[in-house]
Each structure stands twice: as C-alpha cells, then as structure tokens.
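Engineer: sequence plus predicted model, see below.
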Amino acid sequence: MSERVLMKGNEAFGEAAIRGGCRYYVGYPITPQNELTEFMSREMSKRGGKFVQAESELASINMAYGIAAAGGNVFVSSASPGIALMQEGLSFICSAELPLVALNVSRGGPGIGGIQPGQADYNQVTRGGGNGDYHIPVFAPASIQESIDMLYDAFSLADEWRNPIMILADGMIGQMMEPVTLPEPKIPVSEAEIAIRKPWALSGTKKGNRSVVKSLRMQPNDLEKHVEKLFEKYRQAEKELVKYDTDRIEDAEVVFVSFGTTARIVSEVIDMLTEDGIKAGLIRPISLWPFPEEAFSKLNPKTKVVISAELNMGQMMTDVKAAVCGRFPVRLINRTGGIIPTSLEIYERAKKILGEYR
Amino acid sequence: MRTIFEPTKGMLPVDTSYCPGCTHGIAHRLIMECVEEKGRLGDTLGVSPIGCSVVAHEFMNIDMCESAHGRAPAVAAGLRRVHPNHLIFTYQGDGDLASIGAAEIIHAANRGEKFTTFFINNAIYGMTGGQMAPTTLIGQKSTTSVEGRKKEVNGMPLRVSELLATIDGAVFVERVALNSPANIRKARRAVMKALEVQEKGLGFSFVEFLSACPTNWGYQPIDALKWLTENMIPYYPLGNLRCPEEVK
C-alpha cells in the first residue's frame, strides 16, 4: 500500500532512492542538497544500505565508481560546483559502462555562484562537462512527486542501460515541501545475486570469469570501436528515453518551453494569458538529454513565437532552436543568479514579446 | 618428478609492457605470490592507477579495475563497501599517489579503510616521460626540472610513509626497496604482513617500494639500482614505521 505524506524535496529524494533499490549512497556537504546527505546518513544503515561521507566530490564520484564496478546500486548527489568536480568521474563511468544514479540539486553559477535555485547547469548536464564522446540521460522533475517517481525508476534504468542516469532538480524542488505518495519499496538485490546478475562486476575470479573494468584504450582502432559501440546505445536511448509533457499547444499562438520549477510558474502564466483570450501552450521537456525534439513537430502553423523560459542566460535555447528548425521565432524569458521570476513578470514579458509578432 | 619451482598463478603468462630494468615486474610478482600463498586469488580485487601500471590488470590474474588519476583509494573504498571480506588493494605510483591523489590516500588512511595500498616510489613520472614528481630528490634532473630539483622552488621530496604513519588509521606502514635480493625478500615479508593486517580487519595497510626507472632516470638497469641504493635509500630510510601487535 502506498503512503501519502508531506515531505521536503531533499528528504523525498533519499526516501525514493532507497525504495527504488539504492543500496549505497556517497555524499559530500554542499548547499542546497544537505538535507539529503543528512537523511541518508540516518537512514541507510537502518534500511540495509551503506552511507559514506567522502572527503570531496572527486572522491565521492570515484567511491561510487568503485561501488558500481563491484555491482552495487549506488547513488551520489551534489549541487552545481560539486557536480562540476564529478565530471572526470562521470566521463570515466560512461566509458566503463557502469550503472549509477546522480542527482544535481542545482543553484546559481558560474564559479561558486550562489546557493539559490538555478538552472544554469543545463549545458553541464546535457553536454557532459567531462572529456570525450559520451552522453548521460538527464531527467528534470517539476515537482517532488515527479522526483520521487524518477528516482524510484532510476536505479533499474541505470542497470538496464549500464550508464549513469542524472536527475536535475533545481534548488527550489530540493528545499520545498509537498504532499507525496511514496511507492512500495523494491526488494534489494543481495551481494550474492550481484555475481550472477552482473558477471562483468568485480567480485573475484572464483565466480568463474575474470572481470576487468576499464576506460583506457591505447590503440586508436580499439577506442574508436568502443566509442561507436557506446553511441549505438546512445542512439537507442535517444529513441526510448525521450520524455515530455505538453499543455494546450494544439492551437497556441505562443508556446513556452520550460522545465523544472520554471515550468510550474509558466503553467500559471498560461492560465493568465488564457484569461486574456491569448492562446498559450507549454512544452515541458522531462528528459533534457535526449531533448524532446519530436514535441515540436506538434506545434501548429498558427504559432507566432516560441519562448524558452529558463533560470539561466538561455542555455536551452540551442536545443529549442534546433528543434524549431527555423519554423518560428524563438525568444527567451529568463532570470539568473538564483532569482525566480513571478508569474506576473513572465506574463508581462511574454505579452510584450507576443505584441511584436501579432 | 617433484616440482621445485613454478611461476605464480597470480601472474598471467604474458610479457609485461614494462621497460628493461623496471621494478614494476618484481613488485607485481611479489604481491601476486603473496595473494596466491594466502589462497585468495579467487576473491582478491585490485585497483590500478594512472601511470605505467594502469595496465597491471593485463598481467595480474585477478578481478581488477582502472581508476582515474590519483583516485584509486576512493575506488577501493567503494569496492570495500560492496565486498566486506575480499582482499582489496590499490597499486599506485608516486605521481598518482603523492601528487594528484594526495587527498584520497590521506583520507583513506584516516578512515582506516581496510585495504592495502602498494606504493611504487621511483622518484619520477614514468608513463608521461620523466617529469618531476613530489618524490623527486633534490638535485635530481627531470624533464620539468632540467637543472635538478630545487628546494626553494619545489620544496623537499615528500616522505609519504612518514606522513601516513602519523595517522591512527594507517596501522601498518613499511618502506622497502627492490634493489637487491635481500631487500626483495624483506619486501615480500612486508607484503604478507600488510595483507594479514587487512585479513584481520585491523585498519589501513601501506607498503612503499623504492623502485627503479632506468628509462627516465637515464641509466642502465644495474646503474639504476646503484643510483637507488646510493641516493634514494639515504633520503627514504627503509624499515617499518607502524605495525600492529597482532602481526608482529
């Protein structure tokens, strides 16, 4: 039976991860996700898992790599500059094809930036801040319930794809409270089962084969073949992992594109515009990589302008423009630095922009 | 017919990629002989570093993974969380461990992580072609200290074993040298003790091997061992720095 409770985002992330099969969590303090690390330090040992506080994010992602290499279902979390420090590890883990779940409770940047909510890590998480050819599927929740559902599924998804799965939840979602329904806990995989289910994992040669987990390929031909193999997987992921929501786009003259917290504010803006008799709609990318290009084929020819609304300087615009493919003008409504615009601010800016095209 | 010697099953029957006179081969063999002697080849996990020995997994006949530069102790800590009873070790050079990985080794030691680190100190970066390491001796020439290492510019060579021996969690710390048959036998005893410490769950164990890099030092193999004996051992004294009662 599922439970209905009031939870803070950061704690809900932890609860959902544990219920979704997370057996190992590695963290390092950084705002605005500290309640999650604290929650996991309290809960993991009680729930048959293990908690490690690493000495840095460099160490935490590499501990997680070790856990994943040994076949454990592992979860790491951090916030923007901490995720930046993990990029070397994430690139390595993608090459080694290991499952892992990473959560970025993002804040403003660049540099240390600030600690208020931001979405300026869009490029970092969708392009991969690490070196080399690789991709990480990234999902952006717009509510605590959606975060729970994503984290609950993320561990089996990571196992299935043998790749990191990233959840990008902005600081607002981490810090707010909402009523949520918690899913039934999955039965955790025992260490003995790991050797059977994951013969590639390090558990000793006594299992009958010798496992080597690596990312070095000194011969260019070997490396090219390996990368091409990774990209066969990514091409498949582009088809199967696309996820988005649309709202009233069928006859909209202004279509917003927005994810996470911003999408919730935009939903209110659409109601306000509708009351004014303006037909407005929303494409909400849930998967940021793969970006839901197919959603844009549903835009009607009467659309006058597409507005990307983001908490950064317009990082998602590149993807939106590529998806719109010159059919409609693409404009930006944004705030950055940790400022969250009110629905009224977006409404007024959107009306002004629409005025230029009517 | 009675078998009086056979190569350890811990090493795969392949040629290594190491240069003539390099002591990686000796260190590999000592470690794997000890693992075999303990009957643990089937449940030992190794972590190779960045450096010449990144490919140790092509020679050591156990489950292994590579690690990003300097991060082997974090990786081993991860392996340990999943496998509480396996033998686990990291094998790291001095650029990897003493420079870029200084934080990871100190914190692994401080947590008293129950794995063993084998530290190959040859006072230089080998794989990248002979640059100065934190362990390069004063006056020693390298491709990034062509006039020799200077104290005023680069500080003194880092004595990692002494540093780690100040940490409570590092319960076994010993420095050995691979420069003579007698010292190699002592090195083997240190490896056995370090693994025993781990098996008994006493804490973090660490063996530093003073090693030769004839290629990047610019010496013939025999001269390299002579240079090691005359220059490295006086600055990096051999011996045990910490040993728990249980394995004495």
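Structural biologist: It's in. Numbers count the residues shown, from 1 in each chain, chains lettered A, B, ... in the order given.
Engineer: what about the strands in the stretch 1-150 of chain A?
Structural biologist: A:3-8, A:24-27, A:50-53, A:74-78, A:100-106, A:138-139 (DSSP state E, counting those that start in this stretch).
Engineer: got a list of what the residue nearest to B:A194 when sequence neighbours are not counted touches?
Structural biologist: Residue nearest to B:A194 in three dimensions, not counting chain neighbours: B:S205, with 3.9 Å by Cβ to Cβ, 6 or more residues apart in numbering or on different chains. From N, CA and C alone the C-beta is placed, and that goes for glycine too. By Cβ atoms under 8 Å, 6 or more residues apart in numbering or on different chains, B:S205 lies in contact with B:F115, B:T116, B:T117, B:A170, B:V171, B:F172, B:V173, B:K193, B:A194, B:L195, B:V197, B:Q198.
Engineer: mind listing what's buried in the longest helix seen in chain B?
Structural biologist: Counting by DSSP state H, the longest helix found in chain B is helix B:181-199. Within helix B:181-199, the residues scored as buried using 16 or more other Cβ atoms under 10 Å in any protein chain shown are B:183-184, B:186-188, B:190-199.
Engineer: next structured bit after it?
Structural biologist: strand B:204-210 (DSSP states H and E).
Engineer: can you list the helices and strands that the following helix or strand past that next one packs against?
Structural biologist: Counting by DSSP H and E, the next helix or strand C-terminal to strand B:204-210 is helix B:214-217. Identification of packing neighbours for helix B:214-217 by 3 or more Cβ pairs under 8 Å, 6 or more residues apart in numbering or on different chains; DSSP states H and E yields helix B:221-227.
Engineer: on contacts alone, who are the packing partners of the helix it packs on?
Structural biologist: By 3+ Cβ pairs under 8 Å, 6+ apart, helix B:221-227 packs against helix B:214-217.
Engineer: show me where chain B has its strands.
Structural biologist: Under the criterion DSSP state E, chain B carries strands at the ranges B:44-48, B:63-66, B:87-93, B:116-121, B:170-177, B:204-210, B:239-242.
Engineer: tell me the mean pLDDT over the third one?
Structural biologist: Pointing back at strand B:87-93 there. Mean per-residue pLDDT for strand B:87-93: 98.
Engineer: likewise for stretch A:238-251?
Structural biologist: 97.
Engineer: pull the contacting residues for the closest residue to chain B within the stretch 51-200 of chain A.
Structural biologist: Distances between the stretch 51-200 of chain A and chain B by Cβ to the nearest Cβ are smallest at A:G66, namely 2.2 Å. Residues in contact with A:G66, defined by Cβ under 8 Å, 6+ apart, are B:V47, B:C65, B:A74, B:V75, B:A76, B:A77, B:G78, B:L79, B:R80, B:R81, B:V82.
Engineer: show only the entries of those found in helices.
Structural biologist: B:A74, B:V75, B:A76, B:A77, B:G78, B:L79, B:R80, B:R81, B:V82.
Engineer: nearest to A:S203, of those residues?
Structural biologist: Nearest to A:S203 among the ones in helices among the contacts of A:G66 is B:V82, at 8.1 Å by Cβ to Cβ.
Engineer: how many other residues sit next to the residue nearest to the closest one when sequence neighbours are not counted?
Structural biologist: Leaving out its chain neighbours, the residue that sits closest to B:V82 by Cβ to Cβ, 6+ apart is A:A70, at 3.7 Å. Counted with other Cβ atoms under 10 Å in any protein chain shown, residues neighbouring A:A70 total 31.
Engineer: equivalent analysis for the one 4 residues further on, please.
Structural biologist: The criterion is other Cβ under 10 Å. On that basis, A:V74 has 34 neighbouring residues.
Engineer: please report how far the residue of chain B found nearest chain A lies from A:T181.
Structural biologist: Closest residue of chain B to chain A, Cβ to the nearest Cβ: B:G78 (2.2 Å). With the distance defined as Cβ to Cβ, to the nearest Å, B:G78 ends up 33 Å from A:T181.
Engineer: with neighbour numbers in mind, choose between these two.
Structural biologist: B:G78 (33 against 11).
Engineer: and the pLDDT for the closest residue to the more buried one other than its chain neighbours?
Structural biologist: Leaving aside its sequence neighbours, B:G78 sits nearest to A:G66 (Cβ to Cβ, 6+ apart; 2.2 Å). On pLDDT, A:G66 comes in at 98.
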